[in-house]
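>>> This is a predicted model, with the sequence first.
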Amino acid sequence: MAHDAHAHEHHGPAKGFMRWVLTTNHKDIGTMYLILSLIMFFVGGIMALLIRAELFSPGLHIFDPNTFNQLTTMHGLIMVFGAVMPAFVGLANWMIPLMIGAPDMAMPRMNNLSFWILPFAFTILASTLLMEGGAPNFGWTFYAPLSTSYGPPSTDFFILSVHLMGISSIMGAINVIATILNLRAPGLSMMKMPIFVWTWLITAFLLIAVMPVLAGAVTMMLTDRHFGTSFFSAAGGGDPVMFQHIFWFFGHPEVYIMILPAFGVASQIIPTFARKRLFGFSSMIYATSSIAFLSFIVWAHHMFTTGMPVAAELFFMYATMLIAVPTGVKVFNWVTTMLKGSLTFETPMLFSIAFVILFTFGGFSGLMLSIAPSDMQYHDTYFVVAHFHYVLVPGAVFSIMAATYFWLPKWCGKMYSEVLGKTHFWLTFVGINLTFFPMHFSGLAGMPRRIPDYALQFADFNRISSVGAFLFGFSQLLFVYIVFKTVYGKGPKATTAVWDNPAGLEWTVPSPAPYHTFETPPQITDSTRTHT
């Protein structure tokens with residue numbers, strides 16, 4: 001039995017590109033998620049700008065209706081699954097082990113796999129644009145029978161890519177739960193964990209609960225398309241409305257998956273720049289859990305116009321309104337945290353305050369949509385588009401930007417330019433409101449969603465929206481410049497406690513956090529005990 005003598009030699013860590021392919025380091029993987037997310041933001045964003053260019057004035061200018069539908073479908077899918085979700089998973093990978101004093105994620109190799117599935121999934125999805133018959137053209141909600149009986153041939157590749165994304169999400173969620181429950185530093189009880197860790201723990205349970213539902217829906221689509229089943233075909237005894245029930249049972253918790261980590265980010269940043277502890281810490285956790293629970297019993301508020309019984313409409317209406325209570329608790333707690341605080345307005349704080357105000361605004365329009373008889377008027381108009389973009393862009397996206405500015409000094413050990421950061425914030429803030437605020441008006445005036453052409457009375461609002469969209473889109477080039485310049489430039493070094501913060505809300509992990517994962521857990525100091 002002659003063993004190869006070289007087989008047991010240790011070659012040290014991989015270098016160059018292979019370091020990233022083989023890495024099991026949670027910081028590397030978090031960074032890769034964030035880079036993928038940034039690329040996807042630009043891919044989805046270019047599609048959004050093409051959509052807004054077509055809608056700048058009435059008439060068909062650039063695209064035929066089918067191509068327009070392909071763009072809206074791909075824009076929605078890429079932004080939800082390719083931009084927002086990987087960004088939050090990237091933040092989770094970077095910060096959760098540091099925040100709970102863990103050496104790494106619980107399953108580092110599964111962590112690597114759950115990332116590397118994604119570039120392939122999105123390559124498959126994007127490749128549908130080049131296929132015969134074109135990309136999926138049935139909207140990001142892919143309602144049957146548009147996606148079954150009438151879907152283009154590329155729909156099968158779309159189904160495969162959705163399965164891959166779902167596998168990645170489930171693995172990531174299992175990893176988050178295992179890490180938080182098993183790898184906390186000694187003495188760090190659940191109720192002492194940072195709020196960002198809590199929101200991600202709750203989000204991970206949501207992911208494990210709903211991703212299999214999505215997988216079921218797309219598998220039923222596949223069998224309807226190729227194996228003679230009739231789940232969603234009335235001709236064979238099925239029901240296209242059943243597709244909507246299954247989809248929204250996934251889809252509604254999904255929108256909370258995209259906002260709960262954002263709540264966690266805001267709840268970390270606001271206390272830091274108010275120099276106070278978060279007001280109502282435990283009530284924040286209970287509120288987040290309540291939102292997560294309620295998200296499972298409100299799915300059919302997306303379906304008020306499908307002809308459900310009045311009793312069902314009433315149930316879904318009141319259950320939806322109930323979500324406003326825990327959400328209101330969170331907003332109250334954020335505002336009360338700022339009340340009488342020593343506020344300073346660095347870039348992360350600006351994004352967080354804008355998040356609270358504009359997310360609340362999106363919540364109010366959601367409350368309007370929850371009223372079943374009113375929804376008959378709002379349904380499938382631009383009012384709905386305005387509502388969910390106010391929740392997702394100033395909600396999810398602003399919190400991702402806030403988190404980047406907040407933790408970037410920790411990640412790379414250098415400070416970004418505060419002047420450029422504030423410039424980016426104000427351009428983004430103005431652009432976002434110019435884009436989405438007029439949509440409320442065009443929607444209330446009766447403009448339908450997902451149309452490439454429209455009547456003359458909607459022209460002014462659409463023109464404003466398109467100008468705002470280009471301002472918002474091009475402002476993000478400044479964001480990329482700021483991040484690149486901070487990481488690779490010769491900027492000022494970040495101090496150990498990056499943000500001047502007497503309330504003891506900063507982990508004493510040095511900046512930059514060391515490349516190696518921690519052999520010994522970082523000290524989690526509570527400086528309120530020393531500064532009496």
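Thanks, I have the structure now.

>>> State the pLDDT value of P510.
If you check P510, the pLDDT there is 60.

>>> Tell me the pLDDT of T532.
So T532 comes in at 39 (pLDDT).

>>> swap that for T495, please
pLDDT at T495 comes out at 80.

>>> So it lies in a helix, does it not?
No: counting by DSSP: H, G, I helix; E, B strand; the rest coil, T495 is not part of a helix but coil.

>>> Count residues in the vicinity of it, would you?
As a burial measure, T495 scores 13 neighbours (other Cβ atoms under 10 Å). To be clear about C-beta, it is placed using only N, CA and C from the backbone, and glycine gets the same treatment.

>>> what about it, distance to M99?
Distance of T495 to M99, computed by Cβ to Cβ, to the nearest Å: 19 Å.

>>> Equivalent analysis for F142, please.
From F142 across to M99, the span is 37 Å (Cβ to Cβ).

>>> Please apply the same query to G307.
48 Å.

>>> More neighbours: these two, which one.
Using other Cβ under 10 Å as the criterion, G307 and M99 rank with M99 on top: 24 against 8.

>>> Excluding sequence neighbours, find me the nearest residue to that one.
Spatially, and ignoring its direct neighbours in sequence, M99 is nearest to P194 (4.8 Å; Cβ to Cβ, 6 or more residues apart in numbering).

>>> give the contact list for that neighbour.
Listed by Cβ atoms under 8 Å, 6 or more residues apart in numbering, the contact set of P194 reads M99, I100, Q268.

>>> Wait, F273 touches F351, no?
No: look at F273 against F351 with Cβ atoms under 8 Å: they stay out of range, at 10.8 Å.

>>> what comes up buried for stretch 209-227?
Neighbour counts using 16 or more other Cβ atoms under 10 Å place 209-211, 213-215, 217-218, 220-222, 224-225 of stretch 209-227 among the buried residues.

>>> can you tell me which two in these are farthest apart?
A209 and R225 (26.4 Å; Cβ to Cβ).

>>> any low-confidence regions in this structure?
1-13, 501-532 (pLDDT under 70).

>>> Show me where the stretch 351-500 of the chain has its helices.
372-378, 382-391, 398-412, 418-444, 459-488 (DSSP state H, counting those that start in this stretch).

>>> So for F293, which of these sits nearest?
Closest among these, using Cβ to Cβ: helix 382-391, at 18.9 Å.

>>> And for that closest one, what's in contact with it?
With contacts defined as Cβ under 8 Å, 6+ apart, helix 382-391 is touched by 255, 259, 358-359, 361-363, 365-366, 368-369, 378, 435-437, 439-440, 442-444, 447-449.

>>> so what's the closest residue to L471 other than its chain neighbours up against?
Take L471 and drop its neighbours on the chain: the residue closest to it by Cβ to Cβ, 6+ apart is G431, 3.8 Å away. Contact analysis of G431 by Cβ under 8 Å, 6+ apart lists G468, A469, L471, F472, G473, S475.

>>> Now render those as a markdown table, adding neighbour count and distance to I167.
Compiled in a markdown table, those are given as follows (neighbours: other Cβ atoms under 10 Å; distance: Cβ to Cβ, whole Å):
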| residue | neighbour count | distance to I167 |
| --- | --- | --- |
| G468 | 21 | 37 |
| A469 | 23 | 33 |
| L471 | 16 | 38 |
| F472 | 25 | 33 |
| G473 | 19 | 31 |
| S475 | 19 | 35 |
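
>>> can you put those in a markdown table and add distance to A292?
Formatted as a markdown table, the contacts of G431 follow (distance: Cβ to Cβ, whole Å):
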| residue | distance to A292 |
| --- | --- |
| G468 | 33 |
| A469 | 32 |
| L471 | 35 |
| F472 | 30 |
| G473 | 32 |
| S475 | 33 |
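
>>> Looking at those, which is nearest Y405?
S475 (14.3 Å).

>>> residues touching the nearest residue to that closest one once chain neighbours are set aside, list them.
Excluding the flanking residues, the one nearest S475 by Cβ to Cβ, 6+ apart is L427, at 3.8 Å. L427 sits next to L471, F472, S475, L478 when contact means Cβ under 8 Å, 6+ apart.

>>> what do you get for M32?
Residues in contact with M32, defined by Cβ under 8 Å, 6+ apart, are W20, T23, G90, F115.

>>> swap the cut-off to 6 Å and go again
F115 (Cβ atoms under 6 Å, 6 or more residues apart in numbering).

>>> I'd like to know how far it sits from R19.
11 Å.

>>> again, but for A292
37 Å.

>>> More neighbours: the two, which one.
More neighbours surround A292 than the other of A292 and R19, with 20 against 12 (other Cβ under 10 Å).

>>> The closest residue to that one other than its chain neighbours: what secondary structure?
In space, and not counting its chain neighbours, A292 is closest to I202: 5.0 Å by Cβ to Cβ, 6+ apart. Following three-state DSSP, I202 is assigned to helix.

>>> Tell me how many other residues surround I202.
20.

>>> In this structure it contacts A287, no?
No: the pair I202 / A287 is not scored as a contact, 10.4 Å apart, by Cβ atoms under 6 Å.

>>> and of the contacts of P194, the nearest to A455?
Nearest to A455 among those: Q268, at 46.1 Å, using Cβ to Cβ.

>>> just to confirm, which helix or strand has that closest one in it?
Under the criterion of DSSP states H and E, Q268 resides in helix 260-274.

>>> residue boundaries of the helices in the stretch 1-150 of the chain?
16-22, 26-54, 65-77, 85-100, 108-127.

>>> and those as TSV, adding distance to G413?
Below are the helices of the stretch 1-150 of the chain laid out as TSV (distance: least, Cβ to Cβ, whole Å):
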stretch	distance to G413
helix 16-22	19
helix 26-54	13
helix 65-77	36
helix 85-100	14
helix 108-127	23
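
>>> ranking those by burial, who's on top?
Highest mean neighbour count of those: helix 85-100, a mean of 26 (counted as mean count of other Cβ atoms under 10 Å).

>>> List of residues touching that helix?
Residues from elsewhere that reach helix 85-100 (Cβ under 6 Å, 6+ apart): 26-27, 29-30, 33-34, 36-37, 104, 172, 176, 179, 184, 188, 194, 197, 200, 261, 400, 403, 509.

>>> what's the spacing between F296 and T272?
For F296 relative to T272 (Cβ to Cβ), the value is 33 Å.

>>> Which among the helices of the stretch 1-150 of the chain is found nearest to T423?
Using Cβ to Cβ, the helices of the stretch 1-150 of the chain put helix 26-54 closest to T423, at 18.9 Å.

>>> so how far is the closest one from its chain's centroid?
Taking Cα atoms, centre = their mean, to the nearest Å, one finds the center of helix 26-54 at 11 Å from the center of the full chain.

>>> ok and that helix relative to helix 382-391, angle-wise?
150 degrees (axes from the mean of the first three to the mean of the last three Cα atoms, to 10 degrees).

>>> ok, M171 - contacts?
So M171 contacts M110, S114 (Cβ under 6 Å, 6+ apart).

>>> That one sits in which helix or strand?
Per DSSP H and E: M171 is located in helix 155-182.

>>> Check T229 too.
T229 belongs to no helix or strand, assigned by DSSP H and E.

>>> ok, now which ones touch it?
For T229, the contact set (Cβ under 6 Å, 6+ apart) comprises T223.

>>> pretty sure N111 contacts I117?
No: applying Cβ under 6 Å, one finds N111 not in contact with I117, separated by 11.4 Å.

>>> for T336, what are its contacts?
Counted by Cβ under 6 Å, 6+ apart, T336 has contacts F279.

>>> now do 8 Å
F279, G280.

>>> tell me how far stretch 270-289 is from the chain's mean position?
Taking Cα atoms, centre = their mean, one finds stretch 270-289 lying 21 Å from the centre of the chain it belongs to.

>>> what's next to that stretch, contact-wise?
Here stretch 270-289 makes contact (Cβ under 8 Å, 6+ apart) with 191, 195, 198-199, 202, 260, 263, 267, 326-327, 329-330, 332-334, 336-346, 348-349, 352-353, 356, 406, 499, 501-503, 505-506.

>>> quick one on the thing from earlier: tell me the spacing between the residue nearest to S475 and P394.
14 Å.
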